[in-house]
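show me the folded form of this:
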Amino acid sequence: GMSNRRGLNVVIIDTSMGQVLSAKTYDIWGNPMEENRRLAKDFRAIEEDSIVLVALKDSGMENLDGEALHALQSIGSTLEGRLAFRQGYALIGVKDGEAL
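Alright, predicted model coming up:
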């Protein structure tokens, strides 16, 4: 269920309608190559001005690659590199905007 979603949990909200557009988990710990690629691809498709909620559960940010890092920066993240093992992370961002 939802409580077992290791990795980056991402919820995208349409600001004009106030609706959740998607809710996905990226298990960058368990499958770094595929999940980094999937995260970057999904983030490229996010509509401008959408609100993006990101919360890390357990671990995974230590396996972040450059493409996924750039994707997080596209919603306002100021991360410049990987985090340490089991270091927490959360972000409320805006596509092509600043973090809130």
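
how about residue 48: what's its closest non-neighbour residue?
Using Cβ to Cβ, 6 or more residues apart in numbering and skipping the chain neighbours, the partner closest in space to residue 48 is residue 96 (4.8 Å). No exception for glycine: its C-beta is placed from N, CA and C like everyone else's.

return the distance of residue 48 relative to residue 10.
Separation of residue 48 from residue 10 (Cβ to Cβ, to the nearest Å) stands at 17 Å.

now the helices for this structure?
32-44, 66-73 (DSSP state H).

and these: which comes nearest residue 81?
helix 66-73 (7.1 Å; Cβ to Cβ).

packing partners of the closest one?
Packing contacts for helix 66-73, counted by 3 or more Cβ pairs under 8 Å, 6 or more residues apart in numbering; DSSP states H and E, involve helix 32-44.

what residues sit buried inside the helix it packs on?
By 16 or more other Cβ atoms under 10 Å, the buried positions in helix 32-44 come out as 32, 35, 36, 38, 39, 40, 43.

ok so, going back, of residue 48 and residue 10, who's got more company?
residue 10 (23 against 8; other Cβ atoms under 10 Å).

residues in contact with the more buried one?
The contact partners of residue 10, by Cβ atoms under 8 Å, 6 or more residues apart in numbering, come to 22, 23, 24, 25, 26, 39, 42, 52, 53, 54.

okay, now the first one: neighbour count?
Think residue 22. So residue 22, with other Cβ under 10 Å, has 14 neighbours.

now it. Nearest residue, chain neighbours left out?
Nearest one to residue 22, counting by Cβ to Cβ, 6+ apart, is residue 12 at 4.9 Å.

what are the ranges of the strands in this protein?
For the chain, strands defined by DSSP state E occupy the ranges 7-14, 19-26, 51-57, 90-94.

for those, which one sits closest to residue 67?
Going by Cβ to Cβ, the one of the strands of the chain nearest residue 67 is strand 19-26, 12.2 Å.
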